[in-house]
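Student: Dropping the sequence and predicted coords here.
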Amino acid sequence: MKLVVFILLITTTMAVPYLSSIQTWLASFQQPLKSLIDNPLRRSTIPQFILDARHPWILANQRKLERLPNAEAFLCSNPDSDSKEETEKEPQTCTTELEIPSDIFDNLEIDNNRAGISRPGWPNALERLGEMKRCQRALNQVKTLEVDIFVHREKYSAQYLKILEHFETPEALLTLFGDVLESMTNLETLKWKIPKEYTHSFEEAFTARNLSLPSIKHLEPGPSSHYLVSMCPNLERLENGGGFMWYHGYMPDGRDWAMMLIQAATSTPKLKRFAMVGGHDGWTPERISEVVKCIPQIESLGLLGSLGRWHDYTGYDTGDSGKLKVALEILSELQNLTHLDLGPSSDLDRGFDGGPGCGNAYFGKGGRKYLRQVTRQGAEATEKGGNIVVETLPRLKSFTIGGTKANVTRVEDKMVNATWPWTGRMDEWLMEVVPERSELWDVEYDRM
């Protein structure tokens, strides 16, 4: 009874904003405590990496799995193996009603810092990799692996996490990562978010063992993890990963990691898709020219972010700088390019800065009218940018601006026109995207 009360207390505190780090840490124990209710005499036999994957079947059947004498053996036994000694020991009444889905290990993660989880970075990675290495079924079946390690060495990290954290990247972890990656023979997508301060250790270890990952076709490396590109000889899609880490400047020695990623793509003859956020410096003509030079065979390209350095909202129409035209003329040299993704119209330096970034500007009397005005300006800038794309790159079959796909008309294998969701119906479209009333909080703010 006391255990149940403790769990309810934790759940209640989680609903209160601005929790302390200790409360967040306690919250991570909710699921283990709930599992403990079923059988307080033993710990969970479901490997944590399986729970972290959050597969719906696992979530729905967790209590039943916990009642098995050995859930790990049941879940991880290779279905193609002749040896089924472990699973045969399970009570028939439990196992016959549990049919493991074929996609249970399709998507795996090593993440110590997402919502609901707060663990030390290196120890968590060591434990999760150890579990994966013991699970042959997972190694055989995994298609997507996401690695996101946050090392708790910052001053804002909880003290208990700092105490448990390793100061340097453990040598055992580097070896274990190599072993596990080599064993994932059907891995197709690797998302690699290692802090730039530590990723060089992986580069040295992987290079020393001559790591090769021939099954990977889609790679998303974080800053300064470009070394992975040459280790994936059959790569078809290369996109920068690492989230906002990509905007945090240069390497200590002044190297530009965006340029390094572009240049690393030279080693990928099968590459069809390349996409990258320009970061604070944005897509300069030098970077775009490097794309043309290093990956001339590219078919799909994403120039995400701004053309040139980020700019702040000024409230004034600065006019068309001509950067979009220059960028597209450079890209016209790519003979195989059929699809292009550009950033939003506010990042194309065409005179529209995106409007106020603070939502308060759209609250109060007249706020929604002002939001429609800014939205209209953005749509008009998008339309003008689209016209330049059609004029400069007529060989394209499709393109997007700010995630909105243009409806392209082609004649004799050339683009001649592009229309948008608002074309010919701007006022109606504006009322759809910014209605008079949508949610209760809109009504409350309009009364201000």
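Tutor: Sure, I can see it.
Student: shaky segments in the stretch 301-448 of the chain?
Tutor: 309-321, 437-448 (pLDDT under 70).
Student: top helix in this structure by residue count?
Tutor: For the chain, the longest helix by residue count, based on DSSP state H, is helix 367-392.
Student: Name the residues that touch stretch 267-284?
Tutor: For stretch 267-284, the surrounding residues in contact (CB atoms under 8 Å, 6 or more residues apart in numbering) are 229-230, 232-240, 246-247, 249, 256, 258, 261-262, 265, 287, 291, 295, 297-310, 327, 341, 347. No exception for glycine: its C-beta is placed from N, CA and C like everyone else's.
Student: Please compute how far the next helix or strand after the longest helix of the chain lies from its chain's middle.
Tutor: Downstream of helix 367-392, the first helix or strand assigned by DSSP states H and E is strand 398-401. Distance of strand 398-401 from its chain centroid, counting by CA atoms, centre = their mean, to the nearest Å, is 21 Å.
Student: Helix or strand next in line after strand 398-401, which one?
Tutor: Sequence-wise, the next helix or strand downstream of strand 398-401 (DSSP H and E) is strand 404-405.
Student: Quickly note the distance from Leu331 to Leu348.
Tutor: According to CB to CB, to the nearest Å, Leu331 stands 14 Å off from Leu348.
Student: And His152, by the same measure?
Tutor: Following CB to CB, the distance that separates His152 from Leu348 is 39 Å.
Student: A strand includes Ser118, no?
Tutor: No - Ser118 is assigned coil when assessed by DSSP: H, G, I helix; E, B strand; the rest coil, not a strand.
Student: mind checking pLDDT for it?
Tutor: pLDDT for Ser118: 83.
Student: That one contacts Leu161, correct?
Tutor: Yes - the criterion here is CB atoms under 8 Å, and Ser118 meets it with Leu161 at 6.9 Å.
Student: Return the backbone torsion pair for Asp52.
Tutor: phi -60, psi -30 (degrees, to the nearest 10).
Student: Just give the nearest non-adjacent residue to it, would you?
Tutor: Glu109 (5.8 Å; CB to CB, 6 or more residues apart in numbering).
Student: Quick check: the one you found is in a strand.
Tutor: Yes - the assignment for Glu109 by three-state DSSP puts it in a strand.
Student: List the beta-bridge partners for it.
Tutor: Counting by DSSP bridges, Glu109 is bridged to Glu146.
Student: Report the separation between Leu75 and Thr207.
Tutor: For Leu75, the distance to Thr207 equals 34 Å [CB to CB].
Student: who's more crowded, these two?
Tutor: Using other CB atoms under 10 Å as the criterion, Leu75 and Thr207 rank with Leu75 on top: 22 against 12.
Student: need the strands for the chain, in chain order.
Tutor: Shown for the chain, the strands assigned by DSSP state E span residues 107-111, 144-148, 189-193, 218-221, 237-239, 273-277, 300-304, 339-342, 398-401, 404-405, 407-411, 414-419.
Student: what's in contact with the fifth one?
Tutor: With CB under 8 Å, 6+ apart as the contact definition, strand 237-239 has outside contacts at 217-220, 229, 261, 265, 268, 271-276, 302.
Student: Val433 is nearest to which of the strands of the chain?
Tutor: Smallest distance to Val433 across these (CB to CB): 11.1 Å, for strand 404-405.
Student: List the strands paired with the closest one, with their directions.
Tutor: Partner strands and pairing direction for strand 404-405 (DSSP bridges) are strand 398-401 (antiparallel).
Student: Extract the C-alpha set from the strand it pairs with and format it as PDB.
Tutor: C-alpha atoms of strand 398-401 as PDB (Å, rounded to 0.1, in the frame of the first residue of the first chain):
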ATOM      1  CA  SER A 398       9.400  19.100 -57.700                       C
ATOM      2  CA  PHE A 399      10.500  21.500 -55.000                       C
ATOM      3  CA  THR A 400       9.500  22.900 -51.600                       C
ATOM      4  CA  ILE A 401       9.900  26.200 -49.800                       C
END
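Student: Identify the residues contacting that strand?
Tutor: Under CB under 8 Å, 6+ apart, the answer for strand 398-401 is 338-345, 348, 382, 385-386, 389, 393, 405-406, 408, 418.
Student: again, 7 Å this time
Tutor: Here strand 398-401 makes contact (CB atoms under 7 Å, 6 or more residues apart in numbering) with 339-342, 344-345, 382, 385-386, 389, 405-406, 408.
Student: ChimeraX command to pick out the buried ones of the contacts of stretch 267-284?
Tutor: Of those, the buried ones go into a single ChimeraX selection, burial set by 16 or more other CB atoms under 10 Å:
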select :229,230,232,235,236,237,238,239,240,246,256,258,261,262,265,287,291,295,298,299,300,301,302,303,304,305,306,307,308,327,341,347
